Structure formats: structure tokens, C-alpha cells
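Participant: I need the structure of the sequence given here:
(2 chains)
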Amino acid sequence: MKSLSQTLLKLALLKLTLFAVLVALGAAGNASAQNPRIQTSQLDALAAKASQTVDVNIDERLMQLAAKFLSSKDDDEAKVKEIVNGLKGIYVKSFEFENEGQYTESDLEGIRSQLRNTAWNRIVNVSSKKEGSVEVYLMQVGNQISGLAVLASDPKEITVVNIIGPVDLEKLTQLEGQFGIPDLDLEQRPKLKPKRKN
Amino acid sequence: MKKFIAFGFMFIALAGLVPTARAKGDDFDAVVKLIEQFYQVKHKGIPFLARAGIKTTTTVARIAGGPRRQLAEAGSVKVAYFEDQDFKTSGSFTGFKASIGAALAESWSPFIQVASPKDAEQTYIYLRDAGEKFNVLIVNIEPREASVVQVNLSPQVLAKLLHDPDEMGKAITIDATNDE
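Facilitator: The predicted structure is shown next:
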């Protein structure tokens, strides 16, 4: 009798542990699903074929530092200071190639698969044979925008920009050419129209 | 016995601290050595270093009176210069990028890395917290010359570097390595 109650107790404990593990896994999965930082290391293999590579990493601390110490008296810096205030990171990776055909769509799949996550919404998708394609994604948690990702590619170039924090398309265009963000010519693209995913 | 254990812990703590402190102080030299080993080159010897020391002083003084006053206020500058040597033929830039990343991984953060294999040009800017200031390490490699510059920047100047890394990175390197 005693051994049966012990077995039942053990079984109950095992179920409880299993439940706790599943809850923890679910929470971790949810947290990673809502993490606006996208992983780009899978593109690093392209560096060997590229004619130029650029890698920019500005983490939260550096971002706060820029927001705090850029001058409020200098007009240009004050403007930038206002834009970057609240941002938690800027990450840029770009590859330029001498010739076409140095990368394939499968190279970009690792980035796109992360952006297919339900937390990301594709707000811009422009594609042309001449100018290549630009996809802009926003991550929204509740009413708050928590990140932005740009995947721009043409036959000889790939650029991934990932901005963490409250940022929108307007802020992105204002940040072009600064903080290592390349000029994506977003304002120049006539066909650039916001579009909802699916 | 307790005393022995206490000494043991103290020794372990010190042994743990010393290499970290030494590694932190030697990172500039480690990067210079890495370039020498990777590209089979030599940075300039004592006469040049003496000149570099004077040059650094004059550079800082010049900057202090000039438009880039903020750099001089920032503090110390370390410079190593590789002149008229071959950086094109040996080693791949991806290999060098990995090596420098491994050498600095412990206490430095990569801020910007630009490589143009076709032109045999590479630029790396690494940052490290140094109390109220920041250490900035700039490595620039071109086909026939290279430089390693470490400067101490105030948060204000670092903010400008973050805002315009291309321009400020060039300005720091040119000011620290300019002979005039």
C-alpha cells in the first residue's frame, strides 16, 4: 500500500516537473519569437566571395550613449539625438559583389525565415529587376514597435539592417547614411508603398 | 588548514585576476603582433617609435588648437605603423577578421568592420569601456601600409564616432599617424 502511494506521488511529481518544463520552454519560445534582433551570422560565408563587406554593431549601451552625448546645441546632432532616443541597437551587415550570381535566394532564406515569424509584419515589399528588392518589416508588441528589419538585395548586393527599439519607416529614412546605416534610397523609390503582410 | 584554504582561494583569485588585467593592457600589442605574424611584416622599430611618440605629442597639441579639439581632450594615443610592406599576398581577409575577433573577444566589442578584398583594404573599429572614457582601437590595413591606433575617447567624442563612423574613424587615424 505504502509503495503504491509512493509510486503515485512520484508520478504526480514527474507530471508537475514535466508541466513546469513545458511552461518554461513555451515562455522561452515566446520570448525568442518576440526578440527583434535577427541573426545574420549565416550570411558570413558570403564574405569570401564579396568585393566589400560591412558589419556594424551598435548595442543598447552605445545607443544610449549616443542619445545622451550628442549635442543638443548643434542643429544636426540635436535632430539625430531626438531620432535615436529610445533605440536599443543598430546592426548592419552588407555584402557587395563584383559579379552577379555570387549568392542565391537560399542564402537569404535564413533571414526571411526569421522575418516570417508572426511577430514581424512586412510593411514594404518593392521588387524590380533593375533596382533589386527592398523588404521592410516591423515588429510590434502590443501597441509598441519593438524593432525594424530591412532586407535589401540586388544581383550584386545584399544589405540587412536591424534596428531595435521604437522605430518606424520615417525614422529609418532619417537615419540613412548615419550610424553605419547605408543609403538605401528609400525616399527615392517611387514604388515604395506600405503593404501589410499577407 | 583553514589558513591554507584561505591562501589557496586568494591565490586562485589573484591568478584569475592577473591574466585578465595583463590581457587588457596588452591588447594593442597583441593586435600589432597578430598583424606581424599574419602578414609576415614588421612594424617600425625604436627610432620610428620615438618619432611616433613625438608625433603623437605634436598631433595631440595640433589637434588641441585645431578643429578637432575634442580628440586631444580625450587623452592617450598609441600608434603602430607599418610602412611600405606587403599586405596583399599573404592570408585571407576572412582569416584575419576571425583572428582579430578572437584576439579581442574578451574585452572589446566590434563596432564596425569593413573589408574590400579587391582593393586589399580592411578597417576594424573596436570599443572598450574604460571607466568614464572609452578605448577605441582602429586597425587599418591597405595594400602597402597599415596602422593600429588606440585612443581614449570621452563619451561626447565617442557619440560623434558612432554617429559618423566613417568620417570620425578616418579623422582619428589620420591625426594619429600623420607625420606633419
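
Participant: what are the phi and psi values at B:Ile112?
Facilitator: phi -140, psi 140 (degrees, to the nearest 10).

Participant: with B:Pro155 instead?
Facilitator: B:Pro155 adopts backbone torsions of phi -60, psi -30, taken as degrees, to the nearest 10.

Participant: quick one: contacts for it?
Facilitator: Counting by C-beta atoms under 8 Å, 6 or more residues apart in numbering or on different chains, B:Pro155 makes contact with A:65, A:68-69, B:132-134. Where C-beta positions appear, they are placed from N, C-alpha and C, glycine not excepted.

Participant: from those residues, list the buried ones, please.
Facilitator: A:65, A:69, B:133-134 (16 or more other C-beta atoms under 10 Å in any protein chain shown).

Participant: now, which of the residues you listed lie within strands?
Facilitator: Judged by DSSP state E, the buried ones among the contacts of B:Pro155 include B:133-134 as members of strands.

Participant: which helices and strands does the helix or strand hosting A:Ser94 pack with?
Facilitator: Assigned by DSSP states H and E, A:Ser94 belongs to strand A:89-96. Under the contact criterion of 3 or more C-beta pairs under 8 Å, 6 or more residues apart in numbering or on different chains; DSSP states H and E, strand A:89-96 touches strand A:52-58, helix A:60-69, strand A:157-164.

Participant: which strands and helices lie in contact with the second one?
Facilitator: It refers to helix A:60-69. Helix A:60-69 packs on helix A:75-84, strand A:89-96, helix B:155-163, going by 3+ C-beta pairs under 8 Å, 6+ apart.

Participant: now the helix or strand where A:Asn125 lies - C-alpha only, PDB.
Facilitator: For A:Asn125, the host element (DSSP H and E) is strand A:120-128. What follows is strand A:120-128, C-alpha atoms only, in PDB (Å, rounded to 0.1, in the frame of the first residue of the first chain):
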ATOM      1  CA  TRP A 120       7.000  40.600 -37.800                       C
ATOM      2  CA  ASN A 121       4.800  42.500 -40.300                       C
ATOM      3  CA  ARG A 122       6.100  43.200 -43.700                       C
ATOM      4  CA  ILE A 123       5.200  46.800 -44.300                       C
ATOM      5  CA  VAL A 124       7.100  47.300 -47.600                       C
ATOM      6  CA  ASN A 125       7.900  45.000 -50.400                       C
ATOM      7  CA  VAL A 126       9.300  46.500 -53.500                       C
ATOM      8  CA  SER A 127      10.800  44.400 -56.200                       C
ATOM      9  CA  SER A 128      12.200  45.300 -59.600                       C
END
